[in-house]
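# predicted model and sequence below, questions to follow.
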2 protein chains.
Amino acid sequence: MIRIGLFGYGNIAKGVECAVKQNKDMEIACVFTRRAPETVTTISGAPVYRTDDVLDHKGDVDVLIMCGGSATDLPEQTPAMAKHFNVVDSFDTHKNIPVHFDNVDAAAKEGGKIGVISVGWDPGMFSLNRLYGSAILVDGADYTFWGKGVSQGHSDAIRRVEGVLDARQYTIPVDAALDAVRSGSQPQLTTREKHTRECFVVAEEGADLKRIENDIVTMKNYFDEYDTTVHFISQEELDRDHKGIPHGGFVIRTGKTGKDLEHNNVIEYSLKLDSNPEFTSAVIVAYARAAYRMSNEGMVGCKTVFDIPPAYLSAKSGAELRKEML
Amino acid sequence: MIRIGLFGYGNIAKGVECAVKQNKDMEIACVFTRRAPETVTTISGAPVYRTDDVLDHKGDVDVLIMCGGSATDLPEQTPAMAKHFNVVDSFDTHKNIPVHFDNVDAAAKEGGKIGVISVGWDPGMFSLNRLYGSAILVDGADYTFWGKGVSQGHSDAIRRVEGVLDARQYTIPVDAALDAVRSGSQPQLTTREKHTRECFVVAEEGADLKRIENDIVTMKNYFDEYDTTVHFISQEELDRDHKGIPHGGFVIRTGKTGKDLEHNNVIEYSLKLDSNPEFTSAVIVAYARAAYRMSNEGMVGCKTVFDIPPAYLSAKSGAELRKEML
């Protein structure tokens, strides 16, 4: 059994607990939290310890999954833990990945461990499809669309607008843009042409709805470059109709082949997820298996989805995979 | 420069020549043919030698791409050449892959070479998506659909019917089946429910068209399990409207996540190819780069797409890939 530790206990950690239950070769060994351990009840029933005591449990954990946030937690925690544990994180601040890679690589090499970073669907499965697509169709272009799905960051931004009690924001890819990309014409698309944003907002009683709407649609970096629609609804409606965390998207690579580049080819990868954090967790768990195997084979250092042979993700043997899936 | 040799000179070899031209780090070193070399003119202008003389050119070739057929050529040729060259083939007889793997593995290890087998889109990219999908969504089901595209084997089978001069057969996935799969309901689908077959046939003058149609739609192993439509057209129409070799298809994995498996998730990978052999060749060329790199790192033996880290396919460095694509 691969013994999984969870460092942090939020949505991703709970998703990992559910995913581990679906994998017969793994178990949740323990959970580490900054809260008082006695106040935390885990889905799996695994014991809960203080993050301060994590090094006391080095012998209990084969792979430690880092479940903190990308803004401030993971940049510190993943390198710190990679000195002592095989770790997997879902660090998703794209522009800081090179620095994070270097930090985790140095720490993991110092400790003789494997550190797998930026696992999930973007970065993660979408990144893989950008790589495979561009390596195959060299003369081409790739496009990533997100949605339809809930953007937590944008929902939070709306909640900070004066007079807003609660909100949920959906990112929606524009069908006409998807069709233009699939045609193989390699269009140049603006931010506005690719996605729209739809907001469901609960306002305080008596609030100025026109002003709230204007504050939202003109918000810099979040909404000003998009066509944004705002719907005011009641808290009951929000809770009833918008409590899920669905997401998804598309990675499309189009490219030309042939003597005179006369043939168009389209590679399309898409996800339609009822639960964004649970799917992310399911990807993380598969890469935790890979981390365990790589470590057992004596590999060390930082790895991303680009560096890991696909077979390492599956519980099946190489011979089974060749027979059943190749 | 990675020096590519081509063993055999048919559609795949010509596709490889076109693809190599699109990759700045590769060149076609030479072509080997069973025909008289002076009768063969290559697209790339590369020199042509007899297959009997291939061992004289061991020093000229970094990776030898095996371009013969899966029925009789590759089972013999790939192991024979893997003793002397790094090789890549597109062996696609799914049920014989385990034996082929063992043969190539033994030969490649004997010669200290890398042998990459069964590269293309199915087996190949579709296999990868079956593996990734099932490793992530453990409680689920996967489905492979082919088409719309030309099946060479079925077209050949029609041409063997008495009174048929020429023919082209299209395999077409059934939209209702695709929709049922995408719903996440994990339907059981029969062969007839998944695909239809459409045939364009040029008959001899005065031939009994009713009998030809009946011979086709009742043909065992090829058409009897499908709903098949037969259209009789002229040779001019066939040449004008059906000379391309398009293909494609879908790999869809659906699976459940969550505490009570209450969430559905859909992963869909699809290809829409104007040229089936050129796309296959483009995949082969990316894996030739991987073979070259693995060999340079001292790895030996047989590999499939399951065993090869994605980064090895790209001409970009690890740092570039992390910065631009992760």
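Okay, I see it. Since this is a predicted model, take the numbers as computed values, not measurements. Residues are numbered from 1 along each chain as shown, chains lettered A, B, ... in the order given.

# any part of the longest helix anywhere in chain A near chain B?
Secondary structure of chain A per DSSP state H: the longest helix is helix A:276-296. Yes - Helix A:276-296 comes into contact with chain B (Cβ under 8 Å from any Cβ of the partner chain), by way of A:278-279, A:281-283, A:286, A:289. Every residue, glycine included, has its C-beta placed from N, CA and C.

# in that helix, what's buried?
A:276-295 (16 or more other Cβ atoms under 10 Å in any protein chain shown).

# which element follows that helix toward the C-terminus?
strand A:301-303 (DSSP states H and E).

# show me what from the stretch 151-300 of chain A comes close to chain B.
So the stretch 151-300 of chain A meets chain B at A:182, A:257-259, A:262-275, A:278-279, A:281-283, A:286, A:289 (Cβ under 8 Å from any Cβ).

# sorry, back to before: state the mean pLDDT of the longest helix of chain A.
When pLDDT is averaged along helix A:276-296, the result is 98.

# quick check: phi and psi on A:Asp122?
phi -150, psi 100 (degrees, to the nearest 10).

# what does A:Glu27 give?
Per degrees, to the nearest 10, the backbone of A:Glu27 is at phi -150, psi 160.

# contacts only, for it.
A:1-4, A:20 (Cβ atoms under 8 Å, 6 or more residues apart in numbering or on different chains).

# who wins for most neighbours among those residues?
A:Ile4 (29 neighbours; other Cβ atoms under 10 Å in any protein chain shown).

# let's verify that one: helix, strand, or coil?
Three-state assignment for A:Ile4 (DSSP: H, G, I helix; E, B strand; the rest coil): strand.

# on that earlier part again, would you list the residues of helix A:276-296 next to chain B in TSV and tack on distance to A:Val48?
Shown next, in TSV, are the residues of helix A:276-296 next to chain B (distance: Cβ to Cβ, whole Å):
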residue	distance to A:Val48
A:Glu278	21
A:Phe279	25
A:Ser281	18
A:Ala282	23
A:Val283	24
A:Ala286	25
A:Arg289	24
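
# pLDDT score for the nearest residue to A:Arg182 once chain neighbours are set aside?
Take A:Arg182 and drop its neighbours on the chain: the residue closest to it by Cβ to Cβ, 6 or more residues apart in numbering or on different chains is A:Val266, 5.8 Å away. We have a pLDDT of 98 for A:Val266.

# one more: A:Ile43?
So A:Ile43 comes in at 93 (pLDDT).

# and it, what helix or strand is that in?
Assigned by DSSP H and E, A:Ile43 falls outside every helix and strand.

# identify the residues contacting the nearest residue to A:Tyr49 once chain neighbours are set aside.
Counting by Cβ to Cβ, 6+ apart, A:Tyr49 lies nearest to A:Phe32, which is 5.4 Å off, once chain neighbours are set aside. Residues in contact with A:Phe32, defined by Cβ under 8 Å, 6+ apart, are A:5-9, A:48-51, A:53-54, A:57.

# rerun that using 7 Å as the cut-off
Applying Cβ atoms under 7 Å, 6 or more residues apart in numbering or on different chains, we find A:Phe32 in contact with A:5-7, A:49-51, A:54.

# show only the entries of these found in strands.
If you go by DSSP state E, the contacts of A:Phe32 have A:5-7, A:49-50 in strands.

# tell me the one of these nearest chain B?
Using Cβ to the nearest Cβ, A:Leu6 is the member of those that lies nearest chain B, at 15.4 Å.

# what is that closest one paired to in the beta sheet?
Judged by DSSP bridges, the bridge partners of A:Leu6 are A:Val31, A:Ile65.

# surely it and A:Gly68 touch.
No - look at A:Leu6 against A:Gly68 with Cβ atoms under 7 Å: they stay out of range, at 10.4 Å.

# neighbour-wise, which of those two wins?
Between A:Leu6 and A:Gly68, counting by other Cβ under 10 Å, A:Leu6 is the more crowded of the two (27 against 23).

# look up how far A:Thr93 lies from that one.
Per Cβ to Cβ, to the nearest Å, A:Leu6 is found 21 Å from A:Thr93.

# which among the residues of the stretch 151-300 of chain A next to chain B end up buried?
Neighbour-count burial within those applies to A:182, A:257-258, A:263-275, A:278-279, A:281-283, A:286, A:289; the criterion is 16+ other Cβ under 10 Å.

# how distant is stretch A:110-126 from the center of its chain?
Relative to its parent chain, stretch A:110-126 has a centroid offset of 11 Å by Cα atoms, centre = their mean, to the nearest Å.

# okay, buried residues for it please.
A:111, A:113-126.

# in contact with the closest residue in space to A:Gly244 that isn't next to it in sequence, which residues?
Of all residues not flanking A:Gly244 in the chain, A:Asp274 sits nearest, at 6.7 Å (Cβ to Cβ, 6+ apart). Shown in contact with A:Asp274 (Cβ under 7 Å, 6+ apart): A:244, A:246, B:263-265.

# what separation do you get for A:Asp274 and A:Asp60?
A:Asp274 is 33 Å from A:Asp60, by Cβ to Cβ.

# repeat for A:Lys316
Taking Cβ to Cβ, one finds A:Lys316 at 27 Å from A:Asp60.

# same drill for the two, tell me which one is more crowded.
A:Lys316 (17 against 12).

# you'd agree the more buried one is in a strand?
No - according to three-state DSSP, A:Lys316 belongs to no strand; its state is coil.

# got the phi and psi for the closest residue in space to it that isn't next to it in sequence?
Distances taken as Cβ to Cβ, 6+ apart put A:Glu324 closest to A:Lys316, at 7.2 Å, once the chain neighbours are dropped. A:Glu324 adopts backbone torsions of phi -100, psi -30, taken as degrees, to the nearest 10.

# and for A:Thr190?
Main-chain dihedrals, A:Thr190, degrees, to the nearest 10: phi -80, psi 160.

# what do you get for the one 4 residues further on?
Backbone dihedrals for A:Lys194, given as degrees, to the nearest 10, come out at phi -90, psi -40.

# verify the stated contact: it with A:Phe145.
Yes - counting by Cβ under 7 Å, A:Lys194 touches A:Phe145, with 6.2 Å between them.

# need the residues touching each of these two.
A:Pro173.

# show me what the least confident helix or strand in chain A by mean pLDDT is packed up against.
Ranking every helix and strand in chain A by mean pLDDT, DSSP states H and E puts helix A:152-159 at the bottom, with a mean of 94. Under the contact criterion of 3 or more Cβ pairs under 7 Å, 6 or more residues apart in numbering or on different chains; DSSP states H and E, helix A:152-159 touches strand A:164-173, strand A:195-203.

# and the shortest one, what does it pack against?
Based on contacts counted as 3+ Cβ pairs under 7 Å, 6+ apart, the elements that strand A:195-203 packs against are helix A:152-159, strand A:164-173, helix A:209-217, strand A:227-232, helix A:235-241.

# A:Thr42: neighbour count?
Counted with other Cβ under 10 Å, the neighbours of A:Thr42 add up to 17.

# show me the contacts for it.
Here A:Thr42 is in contact with A:17, A:31, A:48 (criterion: Cβ under 7 Å, 6+ apart).

# list the buried residues of stretch A:130-148.
Of the residues in stretch A:130-148, those buried (16+ other Cβ under 10 Å) are A:130-138, A:140-148.

# now do it, average pLDDT.
97.
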